[in-house]
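In: Got a sequence here, can you model it:
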Amino acid sequence: MSVDDRYSRQIILENIQEAGQKKLSKNHVVVIGCGALGTTIANNLARSGVGHIKIVDRDIVELNNLQRQILFDEDDIGLPKASIVAQKLKRINSGIKIDFVIDDVTHKNIENIIKDMDIVVDGTDNMLIRFLINDACIKNGIPWVYGGAIETHGMTMNIIPHKTPCFRCIVQDLPEAGSLPTCDTVGVLMSIPSIIGSIQSTETLKIILNKQINRDLLVYDVWSHDFHRIKIKRKKDCECCVKHNFEFLNAEKKEEMISICGSGAIQVTPVKTIDISFEELAKKLQKLGDVENRKVILRFRISGYELNIFRNGRTIIIGTNDMKTAKSLYAKYVGI
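Out: Take a look at the predicted model:
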């Protein structure tokens, strides 16, 4: 199989050519999160000939993933996303190196995950992990490409240490527990993560090739076709890219999770606590499972699990002793 044959339609592009293809083959990219964004990004980068791709994800494939997560099929249900993506990428392109990590990304392991990588691409749906990526990349001087998609809209931005604003110049602190919608509570149209993920993977190639990159926050709604470029300025007092105060990486701001002995339950205490509106949260959750508003606690049952949510965001999840499962359920339904 000829390398020139595989990439022939890409090599003839004025923006890439043979020299650019060689650069791609020598680059190391880590994709954190292998959902709708991550599978699109990983697929595009593998087919483009990026030489080394590392896939990181903590979750397993579920039936509802198949609507938008393009590298999975029905035979993959119940299997770890990261390993399945790695297997499929190897079948797509046997000439590149594929690694995978099945683990939760935390302040303890993120620097090891991104070590020796040239670029980090955000395929996650978790705000805490994005703040961790931002801290770790700014500290270690590694470019990263932010992306997010929900309902019918999405956004993306390139973050180049010392050259562009960072993620905390856009979002100064972790949003309050329960304040953000999630794909599980408001849904997502399958086309928007494909579009945002494709933009992210294109920007990744441009960073590798040292081409002029986008420096704005790009926001697109696939339903209305509204497209906006928002200029972001570096905050003069940014805790991360100006002060180099890596609060998330140093675990000054992190979720706390404890197992409740003998009860098959995990308690999750969020980074930031507020007075959650049970009425608003119940309205989102009642479309998905059984909801009971008991004034001092909101009880939500789904798929054999029970989430007991307190107004300050603290949640007791009954039905599991597994920290990763509890964290995933919390992120889906309470929304961090």
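In: If we go by neighbour counts, what in the longest helix anywhere in the chain is buried?
Out: In the chain, with assignment by DSSP state H, the single longest helix is helix 191-208. Residues of helix 191-208 classed as buried by neighbour count (16 or more other CB atoms under 10 Å): 192-208. Where C-beta positions appear, they are placed from N, C-alpha and C, glycine not excepted.
In: Run through the neighbouring helices and strands of that helix.
Out: helix 17-25, helix 36-48, strand 119-122, strand 144-150, strand 153-159, strand 217-221 (3 or more CB pairs under 8 Å, 6 or more residues apart in numbering; DSSP states H and E).
In: burial count for residue 60?
Out: A count of neighbours around residue 60, defined by other CB atoms under 10 Å, yields 19.
In: tell me the pLDDT at it?
Out: Residue 60 is assigned a pLDDT of 81 by the prediction.
In: May I have the residues that are in contact with residue 299?
Out: By CB atoms under 8 Å, 6 or more residues apart in numbering, residue 299 lies in contact with 291-293, 306-309.
In: Following the chain onward from the strand or helix carrying it, which element is next?
Out: Residue 299 belongs to strand 298-302 when elements are defined using DSSP states H and E. Per DSSP H and E, the first helix or strand lying C-terminal to strand 298-302 is strand 305-309.
In: now the angle between strand 298-302 and that following strand, please.
Out: Strand 305-309 and strand 298-302 are oriented at 160 degrees to each other (axes from the mean of the first three to the mean of the last three CA atoms, to 10 degrees).
In: List the contacts of strand 305-309.
Out: Residues contacting strand 305-309 (CB under 8 Å, 6+ apart): 178, 276, 278, 281, 297-301, 315-320, 329-330, 333-334.
In: If we use 7 Å, what do you get?
Out: 276, 297-300, 315-320, 329, 333-334 (CB atoms under 7 Å, 6 or more residues apart in numbering).
In: Among those, which lie within strands?
Out: Here DSSP state E is the test, and those give 298-300, 315-318 as lying in strands.
In: ok so, going back, report the two of the contacts of residue 299 separated the most.
Out: Between any two of those, the greatest separation by CB to CB is 14.3 Å, found for 293 and 306.
In: which one of the ones in strands among the contacts of strand 305-309 has the most neighbours?
Out: Highest count within those by other CB under 10 Å belongs to residue 317, 28 neighbours.
In: Next, the contact list for that residue, please.
Out: 265-266, 268, 305, 307, 326, 329-330.
In: ok, 8 Å please
Out: So residue 317 contacts 265-268, 305-308, 326, 329-330 (CB under 8 Å, 6+ apart).
In: do residue 88 as well
Out: Going by CB under 8 Å, 6+ apart, residue 88 touches residue 71.
In: ok so, going back, adding distance to residue 248, write the contacts of residue 317 out as JSON lines.
Out: Listed next are those as JSON lines, based on distance: CB to CB, whole Å:
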{"residue": "265", "distance to residue 248": "26"}
{"residue": "266", "distance to residue 248": "21"}
{"residue": "267", "distance to residue 248": "21"}
{"residue": "268", "distance to residue 248": "17"}
{"residue": "305", "distance to residue 248": "27"}
{"residue": "306", "distance to residue 248": "30"}
{"residue": "307", "distance to residue 248": "24"}
{"residue": "308", "distance to residue 248": "27"}
{"residue": "326", "distance to residue 248": "20"}
{"residue": "329", "distance to residue 248": "22"}
{"residue": "330", "distance to residue 248": "17"}
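In: where do the helices sit along this protein?
Out: Under DSSP H, the chain gives helices at 3-6, 8-11, 17-25, 36-48, 81-92, 110-114, 127-140, 167-170, 183-186, 191-208, 278-285, 323-333.
In: Contacts only, for residue 134.
Out: 144, 159, 166-168, 240, 248.
In: what's the burial count for the closest residue to it other than its chain neighbours?
Out: Leaving aside its sequence neighbours, residue 134 sits nearest to residue 167 (CB to CB, 6 or more residues apart in numbering; 3.9 Å). Residues contacting residue 167 under the criterion other CB under 10 Å number 24.
In: Who are the contact partners of residue 167?
Out: 130-131, 133-134, 146, 159, 240.
In: 7 Å instead?
Out: 130-131, 134, 146, 159.
In: now residue 320
Out: By CB under 7 Å, 6+ apart, the neighbours of residue 320 are 264, 266, 305, 326.
In: okay, these in TSV with neighbour count, pLDDT and distance to residue 44 next?
Out: TSV is the format used below for the contacts of residue 320 (neighbours: other CB atoms under 10 Å; pLDDT from 0 to 100; distance: CB to CB, whole Å):
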residue	neighbour count	pLDDT	distance to residue 44
264	13	78	41
266	24	86	36
305	17	93	34
326	26	89	32
